[in-house]
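K.L.:
Predicted model and sequence below, questions to follow.
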Amino acid sequence: MSGHSKFANIKHKKEKNDAAKGKIFTIIGREIAIAVKEGGPDPANNSKLRDVIAKAKANNMPNDTIDRGIKKAAGDVGSVNYEHVTYEGYGPAGVAIIVEALTDNRNRTSANVRSAFTKGGGSIGTPGCVSYGFSAKGQIIIDREECEMEADDLMMVALDAGAEDFAEKEDSFEILTAPDDLGTVREALEAAGVPMASAEETMIPSTFVTVTDENALKMLQRTLDMLDEDDDVQAVYTNLEE
């Protein structure tokens, strides 16, 4: 992978998240509930739960909050009725947008997502209309300033654990894996003492779109802000060249 560094964007998102921890903790709380329902409350026997716990810690969620979430989900499995929903469409200037949501009310979520697209001058399309241009990957970002390991050694740890790609950026290292291998690679890096800024599944676009029209960028940002404020929305991916 070559091109612009995404670490600045990661840091920007984290700053926004720090200002709205309630939103992030709600998102992670739902992911914990789903992981416990699907694989049980023991992280040792539930790789998905281990991944969610790692994400929670990366977002500074307190351990007692994580433990309470797991215990609550374990004792209330029957009432966990969240479902995964994915929306695809286009924003201004043909920017592709994928929205992943976890909801207990599909009608509410669909209405909110559709409104965000419409108010930003975009439109929701049919399933598959833009996702063909993205690849599902596990993505691990490591802050160069916090990593004491040499780049070559770090690459070997990642590749030996099953990573597909390793890239050096100006301010970070980026490791890509198959989605199913993310947990294995993350755990290998943890065992090697490597601090990670983020480690989660993502959608990587095969090509990027450059938008120079200021009004189009403003409208696109309106859509992204509305989606970011929606508690049902777990993640948003675009092929916009930052």
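P.N.:
That came through fine.

K.L.:
When you work out contacts or count neighbours from here on, use the C-alpha atoms and nothing else.
P.N.:
Will do.

K.L.:
separation between residue 207 and residue 225?
P.N.:
Relative to residue 225, residue 207 is positioned 23 Å away (C-alpha to C-alpha, to the nearest Å).

K.L.:
And the strands in this structure, which stretches?
P.N.:
83-90, 96-103, 123-124, 134-143, 165-168, 172-177, 198-205, 233-238 (DSSP state E).

K.L.:
circling back: quick one: which of residue 207 and residue 225 has more around it?
P.N.:
Here residue 207 and residue 225 are set side by side on neighbour count (other C-alpha atoms under 10 Å), and the busier one is residue 225, at 13 against 10.

K.L.:
and the gap between that one and residue 239?
P.N.:
Noted for residue 225: a distance of 16 Å to residue 239, by C-alpha to C-alpha.

K.L.:
what does residue 160 give?
P.N.:
Going from residue 160 to residue 239 by C-alpha to C-alpha gives 30 Å.

K.L.:
Looking at those two, which one has more neighbours?
P.N.:
Legend: neighbour count by other C-alpha under 10 Å for residue 160 and residue 239, higher for residue 239 (21 against 12).

K.L.:
I'd assumed residue 220 was in contact with that one.
P.N.:
No. Contact criterion C-alpha atoms under 8 Å: residue 239 and residue 220 do not qualify, at 12.0 Å.

K.L.:
returning to that earlier point: most packed of the strands of the chain?
P.N.:
strand 172-177 (a mean of 24; mean count of other C-alpha atoms under 10 Å).

K.L.:
Give me the contacts around that one.
P.N.:
The list of residues contacting strand 172-177 from outside it, by C-alpha atoms under 8 Å, 6 or more residues apart in numbering, reads 5, 7, 137-145, 158, 162-168, 185.

K.L.:
mind listing what the closest residue to residue 182 other than its chain neighbours touches?
P.N.:
Leaving aside its sequence neighbours, residue 182 sits nearest to residue 138 (C-alpha to C-alpha, 6 or more residues apart in numbering; 5.1 Å). Residue 138 makes contact with 176, 177, 178, 179, 180, 181, 182, 199, 200, 201, 202 under the criterion C-alpha under 8 Å, 6+ apart.

K.L.:
so can I have a markdown table of the residues you listed showing pLDDT and distance to residue 124?
P.N.:
As requested, the contacts of residue 138 are exported to a markdown table (pLDDT from 0 to 100; distance: C-alpha to C-alpha, whole Å):
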| residue | pLDDT | distance to residue 124 |
| --- | --- | --- |
| 176 | 96 | 29 |
| 177 | 97 | 29 |
| 178 | 96 | 28 |
| 179 | 93 | 26 |
| 180 | 92 | 29 |
| 181 | 95 | 31 |
| 182 | 94 | 30 |
| 199 | 89 | 29 |
| 200 | 89 | 25 |
| 201 | 90 | 23 |
| 202 | 92 | 20 |
